[in-house]
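> Dropping a prediction and its sequence here:
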Amino acid sequence: MFKCSGCGEERDTFRVLSLSDTSTGKSGKGEAHLVETCHFCGRANTVVIMEKSGAIPYLEADSGSFKTLCSLDCRGLEPTKFKLGGGFRVSASNSKTVFDDVALADEEWTEYDATAKESLSIMEVESRFVKRK
């Protein structure tokens, strides 16, 4: 979810951002992964997923710590809440089993690795935003 930096209005719906989906802003210059106008103040706002985002491994040793998943260039919007979607790849640490298109929208995932004969899980997924200049 995002809130407008101009007036503070926050819509109660999540927006889907994807590296493969872009739109052109009102000015016709440049593209963004989210282009919208604030319903309250009319301000034109954009969000761009920075180029080096994505495909960052989160390993078993990283458990309990935060890692950068993506970097956003927000113009006129401030992120307030984040919800993971699908498309993640999980590799079992005790075998070569790979699970593709894993969905983390429910902030957890469980599966059984038949090769290693053990249960796998991703639990209590948390997120936070860090402002960078």
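Ah, there it is.
> partners of the lowest-mean-pLDDT helix or strand in the chain in the sheet?
Across the helices and strands of the chain, mean pLDDT, DSSP states H and E gives its lowest value to strand 23-24, namely a mean of 90. Using DSSP bridges, strand 23-24 pairs in its sheet with strand 31-32 (antiparallel).
> gap between the partner strand and the chain center?
17 Å (C-alpha atoms, centre = their mean, to the nearest Å).
> returning to what we had before: list the contacts of the least confident helix or strand of the chain.
Strand 23-24 is contacted from outside by 30-35, using C-beta atoms under 8 Å, 6 or more residues apart in numbering. C-beta coordinates here come from the backbone N, C-alpha and C atoms, glycine included.
> Kindly recompute the last result at 10 Å.
Applying C-beta atoms under 10 Å, 6 or more residues apart in numbering, the contact partners of strand 23-24 are 30-36, 46.
> Among those, find the lowest-pLDDT one for me.
Within the set of these, pLDDT is lowest for residue 30 (85).
> so who does that residue touch?
22, 24, 46, 48.
> And for residue 45?
Applying C-beta under 10 Å, 6+ apart, we find residue 45 in contact with 2, 4-6, 25, 32, 34-38, 74-78.
> Go through the residues you listed and say which is closest to residue 102.
The closest of these to residue 102 turns out to be residue 34 (C-beta to C-beta; 23.8 Å).
> And the closest one, how close does it get to residue 96?
37 Å (C-beta to C-beta, to the nearest Å).
> neighbour-wise, which of those two wins?
The residue with more neighbours, out of residue 34 and residue 96, is residue 34; 20 against 9, by other C-beta atoms under 10 Å.
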